[in-house]
Structures are given as C-alpha cells and as structure tokens.
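Participant: 3D model of this:
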Amino acid sequence: MKRILVMGLSLLLTASLLASCGGQTELQDGYYTAQAAAFSHGWKEYVTILVKGGAILSVEYNAENASGFIKSWDNAYMQTMLHTNGTYPNEYTRYYAGQLLDGQGEGTIDAISGASSSHSSFQLLAKAVLEQARKGDSSIAIVDTAH
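Facilitator: A predicted model of the protein is given here:
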C-alpha cells in the first residue's frame, strides 16, 4: 500500500511539473519585432529578435526618429544624455539586449541608472516580442509603452 501511495504521489508531482512548464511554449524560428505605438521625445523604440532552433540568436533594441535615423547613432544626443544621466543609448540598448539574449527571455532585466524609462519600455517590448515568437507571428507587435 505504501508503494502505491508513493508511486501515486510521484505521478501527481510529475504531472503538476509538466503542467506548470506547459505554459511556456517554445520559441518558433524567425525574426520578430515589437515596436512602441507612439513616438516619445521624438523617438519610437523597438526590439527585434532572431530565433533559430528555438533559441534567441540575436537581439536588437533601439529607437528611430520619424526619418528613420537610429537613436544610438546620434552623437549629439549621446553627449547630452551622458553628461546629464551618466549613460547613453548605445550603452543601455546593448546592455538590455544582452540581458535578454543571455537569459533567453527567462531572466530578469536589470535597469541601468539613468535609463530607467527605457528599461520600462524595453521590458514591455521584450514581453511582446517573446509572445510573437512563441506564436510564430512575424507581424510587428505594436505596444503601448507610455509611462
């Protein structure tokens, strides 16, 4: 009787573990993008990932202005932000993207001091882009990132 009870509990535990893992669908191969719904201070942020073999191979996080110019390429903006906030787009965009890549969408993303607004936006965009990748939906996800 003890043996049956132990086997039953083992099966129940295994089933519950499988059920709890079932909510996390594997990422589908392809390119996926999530983009802010609106411009903020002249920039519209986006996250693009490449998934191959169910793993994230690359992450790009950046922002563009209405003409398509990339925020991390704007040297004047970089100098101003560095002197007032202690960081700049080319630093924090790579940092946040690197954390998403390293954690494969499972870990937490630590904020950089001086880029907390972008941290909030990045988390919303990352969540949306990962959902697109789980569904295999390559359309651009539009995300309300207003703070």
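Participant: do a quick rundown of the helices in this structure.
Facilitator: 2-21, 75-85, 89-103, 116-135 (DSSP state H).
Participant: ok now the second one, how far from the chain's centre?
Facilitator: What that stands for is helix 75-85. Here helix 75-85 is found 24 Å from its chain centre; the criterion is Cα atoms, centre = their mean, to the nearest Å.
Participant: ditto for stretch 35-46
Facilitator: Per Cα atoms, centre = their mean, the centroid offset for stretch 35-46 relative to its chain is 16 Å.
Participant: what mean pLDDT does it have?
Facilitator: For stretch 35-46, mean pLDDT rounds to 94.
Participant: kindly report the same for stretch 82-96.
Facilitator: Mean predicted confidence for stretch 82-96 is 88.
Participant: got the buried residues for that stretch?
Facilitator: For stretch 82-96, the neighbour count (16 or more other Cβ atoms under 10 Å) marks 87, 88, 89, 90, 91, 92, 93, 95, 96 as buried. Where C-beta positions appear, they are placed from N, C-alpha and C, glycine not excepted.
Participant: I'd say the fourth one and residue 72 touch.
Facilitator: Yes: with contact defined as Cβ atoms under 8 Å, residue 90 counts as touching residue 72 (4.1 Å).
Participant: shouldn't residue 101 be in contact with residue 60?
Facilitator: No: counting by Cβ under 8 Å, residue 101 sits too far from residue 60 to count as a contact (10.1 Å).
Participant: OK, contacts around residue 113?
Facilitator: Under the criterion of Cβ atoms under 8 Å, 6 or more residues apart in numbering, the neighbours of residue 113 are 86, 87.
Participant: same question for residue 40.
Facilitator: 121, 145, 146.
Participant: worst average pLDDT in the helices of the chain?
Facilitator: helix 2-21 (a mean of 41).
Participant: gap between the spatially most central residue of the chain and residue 70?
Facilitator: For the chain, the residue nearest the mean C-alpha position is residue 126 (2.1 Å; Cα atoms, centre = their mean). Look at residue 126 and residue 70: by Cβ to Cβ, to the nearest Å, they are 19 Å apart.
Participant: nothing else from me, thank you.
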